[in-house]
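Undergrad: Here is a sequence together with a model predicted from it:
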Amino acid sequence: MKNHYDLVIIGAGPAGLAAAVTARTFGLTTLVVDEQAEPGGQIYRAIEQARDDNAPVLGKDYFQGLSLVQQFRQSGADYRPEATIWDIGRDLKVGYLADGRARQVRARYLLIAAGAMERPVPIPGWTLPGVMGAAAADILFKSCDMIPQGPVVLAGSGPLQLLVACHLVDNGVDVAGMVETNGFGSYLKALPHLPGALRVPHYLLKGLGMRRKVKRAGVPIYQRAASLRVEGNTEAEALTFEVGGKPQRLAAAVILLHEGVVPNLQFTRLLGCRHIWYPRQRYWKPVLDEWGRTSVTGVSVAGDAAGIYGAKIAETAGHIAAIDISFSLQVISEQERSWAAAPLRRDLSREMAFRPFLDTLFPPAGEALVPPDEETLVCRCEELTVGQIREAVSQGGLSPGMVKAYTRTGMGPCQGRMCGLTLAEIIGDCRQIEPDGVGHLHVRPPLKPITLGQMAELELVE
Amino acid sequence: MLKRLHEDDDRGRVTIEFEGTRLSVPAGETVAAAVLAAGTSHTRTTAISGQHRGPYCQMGICFECLMEIDGVPNRQACMIQVRDGMTVNRQYGARGLNDEKPL
């Protein structure tokens, strides 16, 4: 492990691994820093440890990650698992914690491949134990060979919700219902994007097949559900909701919420990269050129941290970014860069044709963006409600930073990761403007908790 | 809240102590998963109002799984794998300056 690298990559998911493999073929000294114990990211989580008896349920899309992980293992890239990044400077010095010690490493070039997170779903009662993200349940399946003890209710929308529902059904979990917040309206809106989606028909077929499987398993599916609410005193007991104005109640021990995934922007925000608002899926993403370069010199992004496109595109984008970085570091010529990237670009445009359809078919539910119930907790850490945030806006808190100063929203341990988007949506709703005009919470170091002692013992690099 | 799909020793087992109870769990599990599989649903109470909370994201984002692990408070239980002899306790309320806890 060195103190200086040509390239430091944040994240060992498909984008980061692919970038490392390509960077090594061009001879760049490369370090991959990742928070998890094993390479693969969340999509290929714990893939090297996957049990044979779980293979049929995990499916062949999951095992596509195995060859990538193997290539990475053989690439000669240095790898620092179980490492938590707490700071990155504009001088591309990356501070991280590993084995309980703070360390620092300097990059000539930085690639952020930090992936995505599930969009928080603030509904009444979502803080009760027993409520989790749907993807969280899948992480437990992949990494710990565990399933939720039913009855389980899935609520929200998105392709990942379907996939998780299939995994639960295949694993024999008692699924009391799949409550979908989208419905016929989203199908109509998605229709114009169908021709693009048909360029990659296997995705469409996979989606339809997953839905059929859930139905055939006898899981009741509720569409166009609204007014979702988790009931319970000290833990989740039931999900209540309305369909066409008619109240419904499903008793559940575990409730899995999902309204899509959003880019992890902790690093690009910290570095001051420019971001733009993506209205269709209502998230921000970094502004990038065709090579993945951000507005900050020496910093590129690849994979879902650049906008949600899924694992296959992340992998291709990782290769392309690493080719460009090799050009930036004067290892290859501009002509060589074009040649190397050309076949990858063709894959990319075909795969990307599916996304407008998907993004329109599964819009995040309005009530998950701006919760209608004033009592709903938005900031889980500091326990602040929609009503308290609206009150702060009415007193002149026109930006997330001001509301934070008035109320402590976003000041708890999660540092606004769980409330940031909702906060911007609520302020936007109060001011009748898009979150775009409201702005986002500032991200400052330390990104994750570090003790004073650990910081004091840090050995600085040149 | 959670259960293991297979009860075998493929990855070996380790013993941890959760709230004074010894648990034999498969190696490689996260602390958060191991305690949820032991039948508990909450892993901390909040600093503000003492509400029960449990792990939400399982990937280091939400900080709801903060627990006291080997005497150190504020550890993300979903990001730490079980180790033999580990002591795990729920984290109750806010940390105080006078807590006699090693840093």
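TA: Now that the structure is in, tell me what you want to look at. Numbering: from 1, shown residues only, chains lettered A, B, ... in the order given.
Undergrad: backbone phi and psi for A:His258, please?
TA: Dihedral angles of A:His258 (phi, psi; degrees, to the nearest 10) stand at phi -160, psi 130.
Undergrad: which residue sits closest to it, ignoring its sequence neighbours?
TA: A:Ala134 (3.7 Å; CB to CB, 6 or more residues apart in numbering or on different chains). C-beta here means a position set from N, CA and C on the backbone, and glycine is covered the same way.
Undergrad: do A:Cys381 as well
TA: By the measure of CB to CB, 6+ apart, the closest residue to A:Cys381 outside its immediate chain neighbours is A:Gly412, 2.2 Å from it.
Undergrad: C-terminal to the host helix or strand of A:Gly207, which secondary structure element comes first?
TA: Assignment of secondary structure by DSSP states H and E places A:Gly207 within helix A:201-216. Of the helices and strands lying after helix A:201-216 in sequence (DSSP H and E), the nearest is strand A:221-222.
Undergrad: got a list of contacts for that following strand?
TA: Residues outside strand A:221-222 that contact it (CB atoms under 8 Å, 6 or more residues apart in numbering or on different chains) are A:177-180, A:214-215, A:241, A:243, A:248.
Undergrad: now these: which count as buried?
TA: With neighbours counted by 16 or more other CB atoms under 10 Å in any protein chain shown, the contacts of strand A:221-222 contain buried members at A:177-180, A:214, A:241, A:243, A:248.
Undergrad: so of the residues you listed, which ones are in strands?
TA: With strands defined by DSSP state E, the entries of the buried ones among the contacts of strand A:221-222 inside them are A:177-180, A:241, A:243, A:248.
Undergrad: can you give me the strands in the stretch 101-250 of chain A?
TA: Remark: strands of the stretch 101-250 of chain A, listed N- to C-terminal, are A:101-112, A:116-118, A:131-133, A:146-148, A:152-157, A:175-180, A:221-222, A:225-231, A:238-243, A:246-251; assignment by DSSP state E, counting those that start in this stretch.
Undergrad: now do chain B
TA: When assigned using DSSP E, the strands of chain B occupy the ranges B:2-4, B:13-18, B:21-26, B:44-45, B:52-53, B:66-69, B:72-76, B:87-92.
Undergrad: Just give the strands next to the fourth one in its sheet, each with its orientation.
TA: Looking at strand B:44-45 with DSSP bridges, its partner strands are strand B:52-53 (antiparallel), strand B:87-92 (parallel).
Undergrad: Just put these in CSV and tack on mean pLDDT.
TA: Output for the strands paired with strand B:44-45, formatted as CSV (pLDDT from 0 to 100):
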stretch, mean pLDDT
strand B:52-53, 98
strand B:87-92, 96
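Undergrad: out of those, deepest packed?
TA: strand B:52-53 (a mean of 22; mean count of other CB atoms under 10 Å in any protein chain shown).
Undergrad: So what's the gap between it and the chain middle?
TA: Averaged C-alpha coordinates place strand B:52-53 at 13 Å from its chain's average position (CA atoms, centre = their mean, to the nearest Å).
Undergrad: what does it contact?
TA: Judged by CB under 8 Å, 6+ apart, the contacts made with strand B:52-53 from elsewhere in the structure are A:127-129, A:234-235, A:380, B:41-46, B:64.
Undergrad: quick one: which of those residues is most hemmed in?
TA: Counting by other CB atoms under 10 Å in any protein chain shown, B:Glu64 has the largest number of neighbours within these, with 28 neighbours.
Undergrad: which ones are touching it?
TA: Counted by CB under 8 Å, 6+ apart, B:Glu64 has contacts A:380, B:43-44, B:53-57.
Undergrad: now swap in A:Leu68 and tell me
TA: A:14, A:17-18, A:21, A:44, A:315.
Undergrad: before we move on, back to that, possible to save the strands paired with strand B:44-45 as TSV with distance to A:Lys206?
TA: As requested, the strands paired with strand B:44-45 are exported to TSV (distance: least, CB to CB, whole Å):
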stretch	distance to A:Lys206
strand B:52-53	35
strand B:87-92	40
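Undergrad: A:Pro263 reaches A:Gly307, doesn't it?
TA: Yes - contact status for A:Pro263 versus A:Gly307: in contact at 6.0 Å, counting by CB atoms under 8 Å.
Undergrad: shared neighbours, the two?
TA: Once CB under 8 Å, 6+ apart is applied, the residues that A:Pro263 and A:Gly307 both contact turn out to be A:283, A:285.
Undergrad: Which one's more surrounded, those two?
TA: Here A:Pro263 and A:Gly307 are compared on neighbour count by other CB under 10 Å; more neighbours surround A:Pro263, at 25 against 22.
Undergrad: Please report how far that one lies from chain B.
TA: In this view, A:Pro263 and chain B are 12 Å apart by CB to the nearest CB, to the nearest Å.
Undergrad: ok, that residue to A:Gly303 distance?
TA: 9 Å (CB to CB, to the nearest Å).
Undergrad: Who does the residue nearest to B:Val35 when sequence neighbours are not counted form a beta bridge with?
TA: Counting by CB to CB, 6+ apart, B:Val35 lies nearest to B:Phe18, which is 5.3 Å off, once chain neighbours are set aside. With DSSP bridges as the criterion, the beta-bridge partners of B:Phe18 are B:Thr21, B:Val88.
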